[in-house]
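Student: The sequence isn't on hand, but the structure is:
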């Protein structure tokens, strides 16, 4: 399951083992072909993988519910994922269901979520947040899944928007103000080489001529968060060979859009230290996208918590505002503008457009992420690995009041718990993540009131990246070669893959110590 192998491999593997290890009585008695493998996967390992998660959720832990839709052909599938925190395991993300539904309206999604919660005896009052992408069906003002959940199930549920999508849309909307469409240029470059081995070979010859390391052309997908930066980065890393290739094609064989950009260099390539006006736009987009890339990678990191979110978003806003104030568009652009070789009118237009891009990005970010009224601002002092000092009692109380716990008055013991945290702060702040730091803290000191608050805050996702990973793994499982897999089999494999987080050799020890699991695998009942 961990390596997405076909069940057909089991028909061969045990025969090979019997042939190679022919002196072992144990191996001689082994038998596990595709039928038995399928039965163990669907009726033993999948229930075990689900039970491990549901048992913890039924204990009353606060947890977030996340979902999204993805198509495979003409079929539409929805995973139901959860996120929670325990002092022993840290932040845990897992799958509790994976179902098919042709409808994607808010009522259908909400109904299915309630079905899943009911089947596993999970209570909506323990749900801290609803996480999904930022489509109106999920977070619209009037008739969305979130509005229905808040009105009918839990009024304190948090709308955990996907902040990765916010940053992606922020950059995309801001860059629309540029005269040169760099995004379109990158896609035109990719289309030139994507289906032609001969053109790719000719491009490699250009790289050899310039004695440069060859860089593959990467596809930019407009709906993907990280692809523009990486695609543009590869183009700029070999920009001189790319220019040489397109100019060698001539006007008749080169894309009209690309030729319109490069034709002024037909007789002589501009040196790297004297970029053209269009190249200024490319360098600026590359520099700006690197800022977004760095922050999106932080958000996508599985160790990033709701405590870290505000500082990440605020850091990006300050970076954009600082660049706008300093009129800084990247070092390559700055050095080029210092040489005063470009027409002043073109420089003025570029500067004006770049400033407008920064301004629109800041406004978009401020519109879609509430910096002043966001509960994440109150949670920020709980980020033990990034704050310069331990949270004070007032900081903890502010986070308490920004959570559903505000209806309760915390006990007097909270003051002692905060003091104990301050004493241990220097020893735990060196941990790799906020989650690890809190786990270390709770192992050192018993702090039940702080634990209640931290379990709520760390259960809130900061993006929809986990659900996107589920779809990615689904694509690895449900390939063209494995197109006869049933929905039940795919659900089982996904739950095993994500919920049982053991290396293969370590899982052997888990199985050996679990007699109940072994009896289930040996029993004929697994075929039913």
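Tutor: Looks like it arrived, so ask away. Bear in mind the structure is a predicted one, so any value in this text is a computation, not a measurement. Numbers count the residues shown, from 1 in each chain.
Student: which regions of this protein lie under the pLDDT threshold?
Tutor: In the predicted model of the chain, residues 528 satisfy pLDDT under 70.
Student: For the residue positioned nearest the centre of the chain, give me phi and psi.
Tutor: For the chain, the residue nearest the mean C-alpha position is residue 465 (2.8 Å; CA atoms, centre = their mean). Backbone geometry at residue 465, expressed as degrees, to the nearest 10, gives phi -60, psi -40.
Student: Roughly how far does the closest residue to it other than its chain neighbours sit from residue 344?
Tutor: Spatial nearest neighbour of residue 465, chain neighbours left out: residue 300 (4.6 Å); criterion: CB to CB, 6 or more residues apart in numbering. For the C-beta atoms, the positions are set from N, CA and C on the backbone; glycine is no exception. Going from residue 300 to residue 344 by CB to CB, to the nearest Å gives 42 Å.
Student: Same check on residue 124?
Tutor: From residue 124 to residue 344 the distance is 63 Å (CB to CB).
Student: cool, residue 393 as well?
Tutor: The value you get for residue 393 to residue 344, if CB to CB is used, is 59 Å.
Student: More neighbours: these two, which one.
Tutor: Between residue 393 and residue 344, counting by other CB atoms under 10 Å, residue 393 is the more crowded of the two (14 against 8).
Student: Got the phi and psi for the more buried one?
Tutor: phi -60, psi -40.
Student: How many neighbouring residues does the residue nearest to it when sequence neighbours are not counted have?
Tutor: Nearest residue to residue 393 in three dimensions, chain neighbours excluded: residue 418, at 4.9 Å (CB to CB, 6+ apart). If you count neighbours by other CB under 10 Å, residue 418 ends up with 21.
Student: wait, is residue 418 part of a helix?
Tutor: Yes - applying DSSP: H, G, I helix; E, B strand; the rest coil, one finds residue 418 inside a helix.
Student: residues in contact with the residue nearest to the centre of the chain?
Tutor: 162, 164, 299-300, 302 (CB atoms under 8 Å, 6 or more residues apart in numbering).
Student: And for residue 459?
Tutor: Here residue 459 is in contact with 61-64, 83-85, 128-129 (CB under 8 Å, 6+ apart).
Student: ok, now residue 430?
Tutor: Contacts of residue 430 (CB under 8 Å, 6+ apart): residue 385.
Student: Recalculate using a threshold of 7 Å.
Tutor: Contacts for residue 430 (CB atoms under 7 Å, 6 or more residues apart in numbering) come out as none.
Student: For residue 10, list the residues it contacts.
Tutor: Applying CB under 7 Å, 6+ apart, the residues contacting residue 10 are 32-34, 37.
Student: Could you give me the PyMOL selection string for whichever of these are buried?
Tutor: A single PyMOL command selects the buried members of the contacts of residue 10 (16 or more other CB atoms under 10 Å):
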select buried, resi 37
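Student: Now residue 79. Its backbone dihedrals?
Tutor: According to degrees, to the nearest 10, residue 79 has phi -90, psi 150.
Student: and the residue lying closest to residue 82 once chain neighbours are set aside, bridged to which residues?
Tutor: Leaving aside its chain neighbours, residue 82 sits nearest to residue 63 (4.9 Å; criterion: CB to CB, 6+ apart). Residue 63 forms beta bridges with residue 127, as assigned by DSSP bridges.
Student: what about residue 63, neighbour count?
Tutor: Residues near residue 63, counting by other CB under 10 Å: 26.
Student: gap between it and residue 302?
Tutor: 16 Å.
Student: now do residue 474
Tutor: Taken as CB to CB, the span from residue 474 to residue 302 is 18 Å.
Student: and if you look at residue 351?
Tutor: Distance from residue 351 to residue 302, by CB to CB: 40 Å.
Student: Settle it for me: which of those two has more neighbours?
Tutor: The neighbour comparison of residue 351 against residue 302 (other CB under 10 Å) goes to residue 351, with 16 against 13.
Student: Phi first, then psi, for that one.
Tutor: phi -60, psi -40.
Student: For it, give me its contacts.
Tutor: residue 327.
Student: hmm, try it at 10 Å
Tutor: Residue 351 makes contact with 280, 284, 327, 329, 333, 337, according to CB atoms under 10 Å, 6 or more residues apart in numbering.
Student: Repeat that for residue 477.
Tutor: 1, 4, 485, 489-490, 492-494, 497.
Student: shouldn't residue 436 be in contact with residue 89?
Tutor: No - counting by CB atoms under 10 Å, residue 436 stays clear of residue 89, with 11.2 Å between them.
Student: These two: who's more crowded?
Tutor: residue 436 (17 against 12).
Student: Need the phi and psi values for the nearest residue to that one once chain neighbours are set aside.
Tutor: Of all residues beyond its chain neighbours, the one nearest residue 436 is residue 90 (6.4 Å), with distances taken as CB to CB, 6+ apart. As for residue 90, its main-chain torsions (degrees, to the nearest 10) stand at phi 70, psi -150.
Student: from memory residue 199 sits against residue 249, does it?
Tutor: Yes - contact criterion CB under 10 Å: residue 199 and residue 249 qualify, at 9.1 Å.
Student: Mutual contacts of the two, please.
Tutor: With CB under 10 Å, 6+ apart, residue 199 and residue 249 have common neighbours residue 192.
Student: what's the domain layout of this structure?
Tutor: Per automatic domain parsing, the structural domains of the chain span 48-161+464-528, 167-368, 375-458.
Student: Just give me how far the first one sits from the chain centre.
Tutor: Between the mean C-alpha point of domain 48-161+464-528 and the mean C-alpha point of its chain there is a distance of 16 Å (CA atoms, centre = their mean, to the nearest Å).
Student: do the last one as well
Tutor: Taking CA atoms, centre = their mean, one finds the center of domain 375-458 at 26 Å from the center of the full chain.
Student: which ones are touching residue 522?
Tutor: Here residue 522 is in contact with 40, 44 (criterion: CB under 10 Å, 6+ apart).
Student: Kindly provide the distance from it to residue 44.
Tutor: Taken as CB to CB, the span from residue 522 to residue 44 is 10 Å.
Student: swap in residue 117?
Tutor: 25 Å.
Student: next one: residue 506
Tutor: Distance from residue 506 to residue 44, by CB to CB: 18 Å.
Student: Ok, residue 142 next?
Tutor: For residue 142 relative to residue 44 (CB to CB), the value is 46 Å.
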